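Student: model the structure of this input:
(chains A and B)
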Amino acid sequence: MRWVRLSPLYFVASTAMLVWPLYPLLGDHIEPRVLGVPWSLAYVVLVILANTAVLVGLYLSRAVDDVEAEDERRG
Amino acid sequence: MGAVAPYAVFAYLAASLAVGLWAGRRGSGGADDFVTGERSFGPVLMYFVMGAMIFSAYALLGTPQRVISKGSDAFYMLAYGAAAFVPVFYFGARVRRMGARLGLVTQAELIGARYDSRRITAVMGAASLLAFVPYLAIQFKGAGIVMHLALGWSPLVGAAVVYAVVAIYVMFGGMRGVGWTNVLQGVAMLGVVWWLGLAIPGQLFGGVAPMFDRVIAEHPEYLTLPGPPPGTSSFQYTAEIVMSTLGFAMWPQVFMKCFTARSARAVQYSAVTYPSFLVFLVPLLFLGYAALLLPGAPRDEGVLLWLVSRPEIGGPWVFAAFCTAVLAASMSTGDSLLHGGSSIFVRDVLVSGLGLPLSEQAQARLMRIGVVVLFALGLVMLIVASKVSIVDLLLLAYAVPVQFLPPVMLGLYWRRANRVAAEAGLFVGLGVAFALFLAKILAPGLYAWCNPLDLQIGAVALVLNAITMFVLSLTTPPMAQSHLQRFEFRSP
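Tutor: The predicted structure follows:
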């Protein structure tokens, strides 16, 4: 599946969101606050949550390297 | 303040020893059992093994310290964790399969086998050991601090006692001992840190939100880059995150945990669930900001202990809980370093590097001896730490595993990557890293000429390593298909 092959690019993009130049533009601010926490911290946590959601999706869909042994076939 | 802490500390050490020894009784006692627990770890064990191993005393004590000295620069520890474990999700299943099929138990063994090069195995093994020692000394230091504060012992004696306990359960429990004690240590760390991280801001300021109201009013510069003087530029912050992300999964003790899983899917599960461990850094950040708002807070790694020692916080039980959490963090990383280091020494240096024909039982015996040797080296490093900066040694330590990135990733995913390229790239990377490190310490003028922008040593070496490996892979013949098939490369 093509989207699976491209999935590493998502994680490259999410890491780019946490570094220059995107973090200073989008994340490195105090406001808005999320549950009282400044945006600069909440933003990082939100990226972590987004990454986790993508990993959960990949794991549950068995999309990445689901083979236990090389002679097994997916059921 | 210390009324409860001594009992808590001894109870925790006794529980760790009991769990570690009990877990080790179930194994066969050979080298495979010692190193990988006979590849039997299910998802729960993998979760705690990965999480507790990664978060050390350095994370517990260093995170609040970084907040109070550098402000939001401390968020880099969360930021790099966001993607650092993702490579394990992608390659971990494959590594686990190859390890089980080919009988491989260390990172250097796998990569050496991929390139059919014992030199690579030996060099990676030796470099790993060099990186482990200062990292181990940091864990000893954390344990020594706790024992000094809880019991009044000298930090050296305290560290020796704690790590004697660790050495015993690693020697006799092997990876099973490490795994099950990591469950105990992980529960202790997570429970105490989340409790203190939310309770202390609540007690002092009425909650996390009111605490940040005050930070915004009194110290807003601590919430965004560059932070308080001298400040962290966006470039420095970016470099910290990128280099940490690239090198994280290449740490040998992290990588080799792929071999301990019961199944390839269990390895992926540990990568998926890792972020739930990672976010325990958030309450540690809260504690840093809490300390920032109190007058007289130290700016060094003693800030968290200073905070929990304050009378208005909660007294002896809070202090005891905190001491236990720091011990747990130290031991959960230290046991992996002792275990990983001894395994790497025997399998990579003695068996693969020197070609010694050792039986499984002989290897296991030598690994146990290796645990004692590493324990002694850690103590020696702690003793000389006053003369040699551990921070400087960590600079070298972190530059080493990132050099494994090109041979590992290209070896797993690119059929053209071959022995000549991998050996050359690795030697260039490690050679440049060591040369720059020595120049920085011994000849600052020469270092400034070689690295005028003062870029991270590991980054400079990595770029040269990768270019060397890439160019040579394209200009020299690939390895035989019959060899590549063993590493899951199908015929083109």
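Student: next to chain B, which bits of chain A? Give me the list.
Tutor: When proximity is defined as Cβ under 8 Å from any Cβ of the partner chain, chain A approaches chain B at A:8, A:11, A:14-15, A:18-21, A:23-24, A:28-30, A:33, A:35-38, A:40-41, A:44-45, A:47-49, A:51-52, A:55-56, A:58-59, A:64-70. Any C-beta I mention is one placed from the backbone N, CA and C, and that applies to glycine too.
Student: mind doing that once more with 6 Å?
Tutor: A:11, A:15, A:18-20, A:24, A:28, A:30, A:36, A:38, A:40, A:44, A:47-48, A:51-52, A:55-56, A:59, A:65, A:68 (Cβ under 6 Å from any Cβ of the partner chain).
Student: out of those residues, name the ones that lie in helices.
Tutor: Among the residues of chain A next to chain B, the ones falling in helices (DSSP state H) are A:Phe11, A:Thr15, A:Ser40, A:Val44, A:Val47, A:Ile48, A:Asn51, A:Thr52, A:Leu55, A:Val56, A:Tyr59.
Student: now, of the residues you listed, which are buried?
Tutor: Neighbour-count burial (16 or more other Cβ atoms under 10 Å in any protein chain shown) applied to those gives A:Phe11, A:Thr15, A:Ser40, A:Val44, A:Val47, A:Ile48, A:Asn51, A:Thr52, A:Leu55, A:Tyr59.
Student: now the last one, nearest residue through space, not along the chain?
Tutor: In space, A:Tyr59 comes closest to B:Val272 once its chain neighbours are excluded; the distance is 4.8 Å by Cβ to Cβ, 6 or more residues apart in numbering or on different chains.
Student: for the one you found, what are its contacts?
Tutor: Going by Cβ atoms under 6 Å, 6 or more residues apart in numbering or on different chains, B:Val272 touches A:Leu55, A:Val56, A:Tyr59.
Student: and it, that one's in a strand?
Tutor: No. If the criterion is DSSP: H, G, I helix; E, B strand; the rest coil, then B:Val272 is helix and not within a strand.
Student: what about the longest helix in chain B?
Tutor: helix B:155-205.
Student: can you point out the buried residues in the following helix or strand past it?
Tutor: Next along the chain after helix B:155-205, taking DSSP states H and E as the criterion, comes helix B:208-218. Using 16+ other Cβ under 10 Å as the test for burial, helix B:208-218 gives B:Val208, B:Met211, B:Phe212, B:Arg214, B:Val215.
Student: for B:Ala261, phi and psi?
Tutor: Backbone torsions for B:Ala261, taken as degrees, to the nearest 10, come to phi -70, psi 150.
Student: touching, it and B:Ser40? I think so.
Tutor: No. The criterion here is Cβ atoms under 6 Å, and B:Ala261 misses it with B:Ser40 at 8.6 Å.
Student: so which of the two has more stuff around it?
Tutor: B:Ala261 (30 against 18; other Cβ atoms under 10 Å in any protein chain shown).
Student: next, work out how far apart the more buried one and B:Tyr269 are.
Tutor: As for B:Ala261, its distance to B:Tyr269 is 8 Å (criterion: Cβ to Cβ, to the nearest Å).
Student: and B:Leu17, by the same measure?
Tutor: B:Leu17 sits 29 Å away from B:Tyr269, going by Cβ to Cβ.
Student: check B:Gly370 too.
Tutor: Here the criterion is Cβ to Cβ. By it, B:Gly370 lies 30 Å from B:Tyr269.
Student: need the per-residue pLDDT for whatever residue of chain B ends up closest to chain A.
Tutor: Nearest to chain A in chain B, going by Cβ to the nearest Cβ, is B:Ala209, at a distance of 2.5 Å. As predicted, B:Ala209 sits at a pLDDT of 97.
Student: contact partners for the closest residue to it other than its chain neighbours?
Tutor: Computed as Cβ to Cβ, 6+ apart, the closest residue to B:Ala209 that is not its neighbour in sequence is A:Gly36, at 2.5 Å. By Cβ under 6 Å, 6+ apart, the contact set of A:Gly36 is B:Val208, B:Ala209, B:Phe212.
Student: in three-state terms, label B:Leu358 for me.
Tutor: Per three-state DSSP, B:Leu358 ends up coil.
Student: quick check: phi and psi on it?
Tutor: Torsion angles, degrees, to the nearest 10, at B:Leu358: phi -100, psi 140.
Student: show the contacting residues for it.
Tutor: So B:Leu358 contacts B:Val351 (Cβ under 6 Å, 6+ apart).
Student: ok, now how distant is it from B:Val351?
Tutor: 6 Å.
Student: tell me, what's touching these two both at once?
Tutor: In contact with both B:Leu358 and B:Val351: no residue, using Cβ under 6 Å, 6+ apart.
Student: which of the residues in the helix-or-strand element of chain A with minimal mean pLDDT are buried?
Tutor: When the helices and strands of chain A are compared on mean pLDDT, DSSP states H and E, helix A:2-16 comes out lowest with a mean of 88. Buried positions in helix A:2-16, judged by neighbour count with 16+ other Cβ under 10 Å: A:Ser7, A:Tyr10, A:Phe11, A:Ser14, A:Thr15.
Student: no further queries at this time; thank you.
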